[in-house]
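Visitor: Sequence plus predicted model, see below.
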Amino acid sequence: MKKKIVFSFLVVFVILFCSACNGSVTRTLRHDGFTYGAEFVCDNFFPKDKDDISYEKIKYLTGTHIINDKGKIYEISLGQQYSNESNCKPADTNIQVVAIFDENVIKASDGKYYYLATNNNTVAYSEISNQDRSYYVYDLLLNPEGTLKVVTVDDNSGLYYVLKNDGNVYGFTVSKSDRNSPPSVANITIVYNKNNYNGNIIDFNFAGNSSATYVRTKDKIYKMYAENGDDCKKYADVECDYKMKESESYNEYKDYYLAYNGHMVITTYGRVFNA
């Protein structure tokens, strides 16, 4: 009888303790500019207990897909579940992703390029041919060995940020000598140096002066903050002074982050937060 009472007490304590932690994470994310969103159910990515290492790890998160660290693609539906009573399902493709471009183009392990999502003129997981007007830009930036992720910074000026497997993010300026010539790389510079972030960069995003611009290492997230946030939000004639800073909230609650992409956080207690 005593054992049952002790066990029941422990169960209640754990539930209350976890609920308190979840509440603290939720409040911190809200304070950090995220809004509380829908429930997220996807057993593949949730550990069954603290010692479980069999669950899949998320490498890239987009608004429509999850790509795990082995390159497998999952489709996600935020809010409304699929018929499997889950917010995720394996994509109907054998493509293994090795690099991603702007969340809508991927390079596969076979060296070919594919559309990730269905849009007006594209079909998800279909191969990109050289008839696509951007094909040669994709090939120029995705083809070199070691490329992990490409983000378009300014299409008009041909500026792209590229994450390499050496842990740095490089700025590539792409140009054409004339409209009939293939694009070429005119300049390369380091824009996010791993030495400034205490470790190799494993993910990033660029969205100008906004909190969706971030750099992520194995242990930390750095993102854009308005240092004079209160004043620039209050006064029309005060410009926001943005600076890349370490996310203190992530440091404190990183064990509760299942996935992060600057615009969205999925927590280990199955909630989606949107910026």
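Guide: Arrived safely, thanks for sending.
Visitor: Poorly predicted segments of the stretch 1-150 of the chain, please.
Guide: 1-20, 49-52 (pLDDT under 70).
Visitor: For it, which segments are assigned as helices?
Guide: For the stretch 1-150 of the chain, applying DSSP state H, counting those that start in this stretch gives helices covering 2-31, 135-142.
Visitor: for the stretch 151-275 of the chain, same thing?
Guide: Going by DSSP H, counting those that start in this stretch, the stretch 151-275 of the chain shows helices at 229-234, 248-253.
Visitor: outside of stretch 239-250, which residues touch it?
Guide: Residues from elsewhere that reach stretch 239-250, judged by CB atoms under 8 Å, 6 or more residues apart in numbering: 28-29, 31-32, 209, 213-215, 220-229, 232-233, 257, 260. Backbone N, C-alpha and C define where each C-beta goes, glycine included.
Visitor: Quick one, which of those residues are buried?
Guide: Neighbour counting with 16 or more other CB atoms under 10 Å marks 28-29, 32, 213-215, 221-226, 232, 257, 260 as buried within these.
Visitor: Out of those, which comes closest to residue 111?
Guide: Lowest distance from residue 111 to the buried ones among the contacts of stretch 239-250 (CB to CB) belongs to residue 215, with 28.1 Å.
Visitor: Quick check: the gap between the closest one and residue 164.
Guide: Distance check for residue 215 against residue 164: by CB to CB, to the nearest Å, it reads 14 Å.
Visitor: Could you double-check that residue 166 sits in contact with residue 146?
Guide: Yes. Proximity of residue 166 to residue 146 meets the contact threshold set by CB atoms under 8 Å, at 6.7 Å.
Visitor: picking that back up, sort out which of the contacts of stretch 239-250 are in strands and list them.
Guide: 214-215, 221-226, 257, 260 (DSSP state E).
Visitor: now those residues as a markdown table including distance to residue 247 and pLDDT?
Guide: Formatted as a markdown table, the ones in strands among the contacts of stretch 239-250 follow (distance: CB to CB, whole Å; pLDDT from 0 to 100):
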| residue | distance to residue 247 | pLDDT |
| --- | --- | --- |
| 214 | 8 | 97 |
| 215 | 10 | 97 |
| 221 | 4 | 96 |
| 222 | 7 | 97 |
| 223 | 6 | 94 |
| 224 | 10 | 93 |
| 225 | 9 | 90 |
| 226 | 14 | 88 |
| 257 | 10 | 94 |
| 260 | 10 | 96 |
